[in-house]
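**Student:** Have a look at this prediction, sequence included:
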Amino acid sequence: MESVVNLQHSHCKIALTWKINHGTSSFFFFPKTLTTKPSCKAGPFTSSLRSAQRLPSPLRPDVAPDSSSTKHTTLLVETFHEHQRLKALLQNLINGSCPLQLLGEDGDWTKDQFWAAIRFLKHTFRFNEILQLFDMWKNIEKSRINEFNYSKIIGLLGEEGLIEEAVRCFQEMKSHNLRPSLEVYNSVIHVCARQGNFEDALFFLNEMKEMNLAPETDTYDGLIEAYGKYRMYDQIGMCVKKMKLNGCSPDHITYNLLIREFARGGLLKRMESVYQSMLSRRMALQSSTLIAMVEVYAKFGILEKMENVYRRVLNSGTVVKNDLIRKLAEVYIDNYMFSRLEKLGVDLSSRFGQTDLVWCLRLLSQAGVLSQRGLAMMGLEL
């Protein structure tokens, strides 16, 4: 059986002839003929469509590869391989391999590999191998003998207090006609001063001036801190005077440092003099400076000043350690001020919560008050 279906369109009629197959359990439609019957003239849209169909299809232009994407992929691959090399190197070092032997077997290291090995040696306290590894690595490629690498090594050795290694590396740097920077001189001066070698520290300070490098506040701060460590308080005063004469005015960091060092030495008058100078200059007090003042006032039992500075510590939001609280509590107990213990505990709980130390303070306060009342009653009976 055949059937004709007319499809209406705005421009043409299409007659489809379908053949129905009854021989199957279900029927399927199969198009047999396709007849186009024009009903009207072709419109502009149809004409343009036919013209387009007659035109030869243009060839697809070749797509140029994305160079930025290729570079990005290459960078990712290189980063991955570098990460793998670093991981393998650190694992070998953790397993106890000698870094000098590893460098010899590998032939050379990138700067990332080298500094990773240096950091590992630092964290494992193998400081005696740092300079040996640096000597071997820089001799593989002479361009590594530069100010940047020497500055980092000298700074690292200075931080760890390795005075002989730091000075040796410093002298070697100058032998290569490299000019040490202000930071390098500071590292050498500070490591000498921290080890108590003030003669060499002052020698390098004068050499620094001869190189037309003006010392900064950080240079003098390191000397002041070292003088305080060895309780050389007269030298601290001389250092501050020299600092001012050389046109380097002390800043708020220097003033805070002076207060802390004088407080640790128990020099109340000098400490308070610097403190007043800071207030007149409207300089900010660091929390560590305030705590040092509280401790020295507690040490000498100066209650009023101790409480005033302690109030500033609380208002600054500084977390108060238990050691400081115990020192305050001892002062109150020695002066039979048990009610102050209660107030001390309340202030702490309102800011830091109910800790075990707070409960101890409040219990001591209650016990002290009760014992005082008991003694008073015994006195009346007598």
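**Tutor:** Perfect, I can see it now. Numbers count the residues shown, from 1 in each chain.
**Student:** Please spell out the segments of the stretch 201-350 of the chain that come in under the pLDDT threshold.
**Tutor:** Low-confidence regions of the stretch 201-350 of the chain, defined by pLDDT under 70, span residues 350.
**Student:** show me where it has helices.
**Tutor:** Counting by DSSP state H, counting those that start in this stretch, the segments of the stretch 201-350 of the chain that form helices are 217-229, 233-245, 252-264, 268-280, 287-299, 303-315, 322-334, 338-352.
**Student:** Distance to I130 added to the ones you listed, as a markdown table?
**Tutor:** Yep, even glycine has a C-beta here, placed from its N, CA and C like the rest. Output for these, formatted as a markdown table (distance: least, CB to CB, whole Å):
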| stretch | distance to I130 |
| --- | --- |
| helix 217-229 | 22 |
| helix 233-245 | 31 |
| helix 252-264 | 29 |
| helix 268-280 | 39 |
| helix 287-299 | 31 |
| helix 303-315 | 40 |
| helix 322-334 | 35 |
| helix 338-352 | 42 |
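**Student:** Against which helices or strands is the one helix or strand M136 maps to packed?
**Tutor:** When secondary structure is defined by DSSP states H and E, M136 falls within helix 130-140. Using 3 or more CB pairs under 8 Å, 6 or more residues apart in numbering; DSSP states H and E as the contact criterion, the neighbours of helix 130-140 among helices and strands are helix 99-106, helix 111-123, helix 147-159, helix 163-175.
**Student:** Identify all contacting residues around that helix.
**Tutor:** Where contact means CB atoms under 8 Å, 6 or more residues apart in numbering, the residues beyond helix 130-140 that reach it are 99-100, 103-104, 108-109, 114, 117-118, 121-122, 144-145, 149, 153, 156-157, 165, 168-169.
**Student:** separation between the residue positioned nearest the centre of the chain and E159?
**Tutor:** When CA atoms, centre = their mean is applied to the chain, the residue found nearest the centroid is R119 (15.5 Å). As for R119, its distance to E159 is 12 Å (criterion: CB to CB, to the nearest Å).
**Student:** which residues do these two both contact?
**Tutor:** Common neighbours of R119 and E159 (criterion: CB under 8 Å, 6+ apart): none identified.
**Student:** which residues does the residue nearest to N92 when sequence neighbours are not counted contact?
**Tutor:** Nearest in space to N92, with sequence neighbours left out and distances taken as CB to CB, 6 or more residues apart in numbering, is L102 at 5.8 Å. By CB under 8 Å, 6+ apart, the contact set of L102 is 89, 92-93, 117.
**Student:** Neighbour-wise, give me the winner out of the residues you listed.
**Tutor:** Top of the contacts of L102 by neighbour number is A117, holding 24 neighbours under the definition other CB atoms under 10 Å.
**Student:** Return the residues in contact with the closest residue to it other than its chain neighbours.
**Tutor:** If the residues on either side of it in the chain are set aside, A117 comes closest to P99, at 5.1 Å by CB to CB, 6+ apart. If a contact means CB under 8 Å, 6+ apart, then P99 has 93, 117, 120-121, 129, 133 as its contacts.
**Student:** between these, which is closest to V358?
**Tutor:** Distance to V358, by CB to CB, is smallest for F120 among these, at 43.5 Å.
**Student:** so what's the closest one closest to, chain neighbours aside?
**Tutor:** Going by CB to CB, 6+ apart, F120 has L93 as its nearest residue, at 5.1 Å.
**Student:** So what does the one you found look like in phi/psi?
**Tutor:** Geometry field for L93 lists phi and psi as phi -70, psi -40, criterion degrees, to the nearest 10.
**Student:** which ones are touching it?
**Tutor:** Taking CB under 8 Å, 6+ apart, one finds 99, 102, 117, 120 in contact with L93.
**Student:** any idea how far C248 is from the first one?
**Tutor:** Which is P99. With distances defined as CB to CB, the gap from P99 to C248 amounts to 41 Å.
**Student:** before we move on, what about the last one?
**Tutor:** As defined by CB to CB, F120 lies at a distance of 38 Å from C248.
**Student:** Also the third one?
**Tutor:** In this structure, A117 and C248 are separated by 38 Å, where distance is defined by CB to CB.
**Student:** same thing with K209?
**Tutor:** Separation of K209 from C248 (CB to CB) stands at 11 Å.
**Student:** Spit out the residues that contact those two alike.
**Tutor:** Jointly contacting K209 and C248 under the rule CB under 8 Å, 6+ apart are P215.
**Student:** Which of these two has more residues huddled nearby?
**Tutor:** The neighbour comparison of K209 against C248 (other CB under 10 Å) goes to C248, with 17 against 12.
**Student:** For the more buried one, what are phi and psi?
**Tutor:** Listed backbone geometry of C248 is phi -110, psi 100, with angles given as degrees, to the nearest 10.
**Student:** wait, doesn't it sit right on P215?
**Tutor:** Yes. In this structure, C248 sits in contact with P215. The criterion is CB atoms under 8 Å, and the distance is 6.2 Å.
**Student:** Quickly list the domain ranges of this protein.
**Tutor:** 2-40, 329-374 (automatic domain parsing).
**Student:** can you tell me which of those domains the model trusts least?
**Tutor:** Summarising mean pLDDT across these, the least confident stretch is domain 2-40, with a mean of 43.
**Student:** on that earlier part again, of the contacts of P99, closest to M238?
**Tutor:** Taking CB to CB as the measure, M238 lies nearest L121 of those, at 38.7 Å.
**Student:** Look up how far M283 lies from Q276.
**Tutor:** Taking CB to CB as the measure, Q276 and M283 are separated by 11 Å.
**Student:** can you check A292 too?
**Tutor:** Taken as CB to CB, the spacing of A292 relative to M283 amounts to 16 Å.
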